[in-house]
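K.L.:
Sequence and predicted model, in that order:
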Amino acid sequence: MIFSSSTKSVPEVAKVPRHVAIIMDGNGRWATKRFMPRVAGHVKGVEAVRGIVEACAERGIEYLTLFAFSSENWRRPEEEVSLLMRLFVTALEREVAKMHANNIRLKVVGDLTRFDAKLQEMIAAGERKTANNTKLTVTICANYGGRWDIMQAVDKMVAAHPGVANYSEEQLAPYLALSYAPEPDLFIRTGGEQRISNFLLWQLAYTEFFFCDTFWPDFDGAQLDAAINSYQQRERRFGRTGAQLKSEE
Ligand code: IPE
Ligand code: IPE
Ligand code: MG
């Protein structure tokens, strides 16, 4: 099923966000503050992921999308990049079976061709194993960039429908990396920065934003509830007036 775009029709708004997308930022600073190497922050960060996946499942959130490694993160020191890759492998080794037991579907999106063959195979196996699970879909964005996503979708769309003079949003939608999910309702960035850093550029068109100073390793269910609570105070107008919304209630 392809979900419609918020710029084309007004989506139904649920009390609990259906789709939460998170930039998990601040691992390095969490560690540095404790006089630990940055990698210690990444190790703690994986634990925080486990907690938030569980918290989302408990709250009835249907889609959780996590920015784990951006297309720009290759610019980091080689040592940090290779440690992040190793952590990814061990996290898959440890977590996939647990996710499957909890009826959680795993998806990994991004330009995976830059990862080594073993990691690519593990990703494919994890996705295959959990493909029919229905409780919660967890998407890991790895070597992902919002601009990459739009460009790869355009390439695929043009290849599938060559020679069209005016392509539409609806024609592009099925080729975007997250075509299987509704657009995010709530975007969270931890770690104090207030920017998108080339995360989901297309899909965040009408998403509610929540920024917090907490470093990712300290982000827990209570913090998630604070974000959801803030989300629930918002008036999601999708271009309409507040009065129009009131008259619909
Ligand atoms: C986020 O934490 C994790 C990744 C980008 C892989 P950072 O590593 O960016 O932590 P800070 O922002 O340097 O504290
Ligand atoms: C964004 O964090 C990417 C991830 C969390 C994976 P960064 O730490 O890379 O973002 P910038 O460089 O501060 O914008
Ligand atoms: Mg950062």
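P.N.:
Nice, I can see it. Ligands and ions are numbered 1, 2, ... in the order given.
K.L.:
and the closest residue in space to Gly126 that isn't next to it in sequence, helix, strand or coil?
P.N.:
Counting by Cβ to Cβ, 6 or more residues apart in numbering, Gly126 lies nearest to Val96, which is 4.3 Å off, once chain neighbours are set aside. To be clear about C-beta, it is placed using only N, CA and C from the backbone, and glycine gets the same treatment. Assigned by DSSP: H, G, I helix; E, B strand; the rest coil, the conformation of Val96 is helix.
K.L.:
Show the contacting residues for Val96.
P.N.:
Contacts for Val96 (Cβ atoms under 8 Å, 6 or more residues apart in numbering) come out as 106, 125-126, 129-130.
K.L.:
Show me just the buried residues among the residues you listed.
P.N.:
106, 126, 130 (16 or more other Cβ atoms under 10 Å).
K.L.:
And the second one, how far from ligand 1?
P.N.:
What that stands for is Gly126. 19 Å (Cβ to the nearest ligand atom, to the nearest Å).
K.L.:
is it true that that residue lies in a helix?
P.N.:
Yes: under the criterion used here (three-state DSSP), Gly126 sits inside a helix.
K.L.:
Now do the same for it: its pLDDT.
P.N.:
Gly126 carries a pLDDT value of 98.
K.L.:
what does Glu235 give?
P.N.:
At Glu235, pLDDT is 95.
K.L.:
so is it in a helix, a strand, or just coil?
P.N.:
Quick answer, by three-state DSSP: Glu235 is coil.
K.L.:
still on that earlier bit, which one of the contacts of Val96 is nearest ligand 1?
P.N.:
Leu106 (18.3 Å; Cβ to the nearest ligand atom).
K.L.:
now the residue nearest to Leu178 when sequence neighbours are not counted: how far from Phe187?
P.N.:
In this structure, Leu178 finds its nearest non-sequential neighbour in Gln203, 5.8 Å apart by Cβ to Cβ, 6+ apart. Separation of Gln203 from Phe187 (Cβ to Cβ, to the nearest Å) stands at 9 Å.
K.L.:
mind checking the SS state of the residue in the chain that ligand 1 sits nearest to?
P.N.:
Relative to ligand 1, the nearest point of the chain is Gly28 (2.9 Å; Cβ to the nearest ligand atom). With three-state DSSP as the basis, Gly28 sits in helix.
K.L.:
Do you know the pLDDT at the most centrally placed residue in the chain?
P.N.:
Centroid-nearest residue in the chain, with Cα atoms, centre = their mean: Thr65, separated by 2.3 Å. pLDDT for Thr65: 98.
K.L.:
Can you tell me what sits against the helix or strand of the chain with the lowest mean pLDDT?
P.N.:
Ranking every helix and strand in the chain by mean pLDDT, DSSP states H and E puts helix 242-248 at the bottom, with a mean of 91. For helix 242-248, the external contacting residues (Cβ under 8 Å, 6+ apart) are 235, 237.
K.L.:
Go through that helix and flag the buried ones.
P.N.:
Going by neighbour count (16+ other Cβ under 10 Å), nothing in helix 242-248 comes out as buried.
K.L.:
Double-check that Gly45 belongs to a helix.
P.N.:
Yes: according to three-state DSSP, the state of Gly45 is that of a helix.
K.L.:
Helices along the chain, start to end?
P.N.:
All helices of the chain, identified by DSSP state H, fall at 27-33, 38-59, 78-101, 117-130, 146-160, 169-172, 221-232, 242-248.
K.L.:
Which among the ones you listed is found nearest to ligand 2?
P.N.:
So among those, helix 27-33 is nearest, using Cβ to the nearest ligand atom, at 7.7 Å.
K.L.:
starting at the chain centroid, how far to that closest one?
P.N.:
22 Å (Cα atoms, centre = their mean, to the nearest Å).
K.L.:
Great, nothing more from me.
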